[in-house]
Every structure is written in C-alpha cells, then in structure tokens.
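Undergrad: fold the following and give me the result.
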Amino acid sequence: MNDNAFYQCKYFLEQRMQEHPENAELVKAYVALIEQKTKFDIAYFSQNSEVQKNWNDNQAKMNAAWSEGQAKIATKQIEVGGRVINHGI
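TA: Okay, the predicted model is just below:
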C-alpha cells in the first residue's frame, strides 16, 4: 500500500470514528489498516535492503576484477620491458 492511499484511508476512518465513536467496527478497521501498512513497510524495506546488499556486493566484485586486470596488464608490461601506463591505479 502506497503512503498516499494509506493516509487517505486513515483519514477517512479517523473522521468516521469521530462521527460514530460507539462503532467498534471502525476501530477494528483502523487497527487492521495500521497492521497491514506495517507489514507492507517491513516487507518493502526488507526487500530494498537485500537489493542494496546485492548491488554493493556486485560493485565490489566488479571493482576487484577490474583492479586485478589492471595489475596483470601492468605486470605484463614490466615483464616485456615496456612502460607502465597509469590509468588511476
């Protein structure tokens, strides 16, 4: 549930509860709305943290592979007596 829909539903229920304070079903609906929004947010942010972790891991692996490749190039250039070109390493 996106935030806009949640706040609209929440506002609607709060207004009805003020108009009809004796209606226990409105309170139950309000509590259910809060519970569902909480479950949604936990699932959403858990998924985002996993995606971010995977992205960070992939970036680290890619950077390590690039650095290793650059080191091999520099080593080969030294072995054949060539000049090592520094590309920011």
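
Undergrad: how about the helices in this protein?
TA: Per DSSP state H, the chain carries helices over the ranges 3-19, 24-79.

Undergrad: quick one: distance of the first one to the chain centre.
TA: Read that as helix 3-19. Distance of helix 3-19 from its chain centroid, counting by CA atoms, centre = their mean, to the nearest Å, is 28 Å.

Undergrad: same question, the last one
TA: Using CA atoms, centre = their mean, the distance from the centre of helix 24-79 to the centre of the chain it belongs to is 6 Å.

Undergrad: for it, which helices and strands make contact with it?
TA: Using 3 or more CB pairs under 8 Å, 6 or more residues apart in numbering; DSSP states H and E as the contact definition, the elements that helix 24-79 packs against are helix 3-19. The C-beta positions use only the backbone N, C-alpha and C, and glycine is treated the same way.

Undergrad: quick check: mean pLDDT across the helix it packs on?
TA: The average of the pLDDT scores along helix 3-19 is 94.

Undergrad: and if you look at stretch 38-53?
TA: Stretch 38-53 comes out at a mean pLDDT of 83.

Undergrad: same check, this time on stretch 79-89
TA: Per-residue pLDDT over stretch 79-89 has a mean of 64.

Undergrad: who's in contact with Asn23?
TA: The neighbours of Asn23, taking CB atoms under 8 Å, 6 or more residues apart in numbering as the test, are 16-17.

Undergrad: redo the helices of the chain as a markdown table? Include mean neighbour count.
TA: Formatted as a markdown table, the helices of the chain follow (neighbours: other CB atoms under 10 Å):
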| stretch | mean neighbour count |
| --- | --- |
| helix 3-19 | 12 |
| helix 24-79 | 11 |
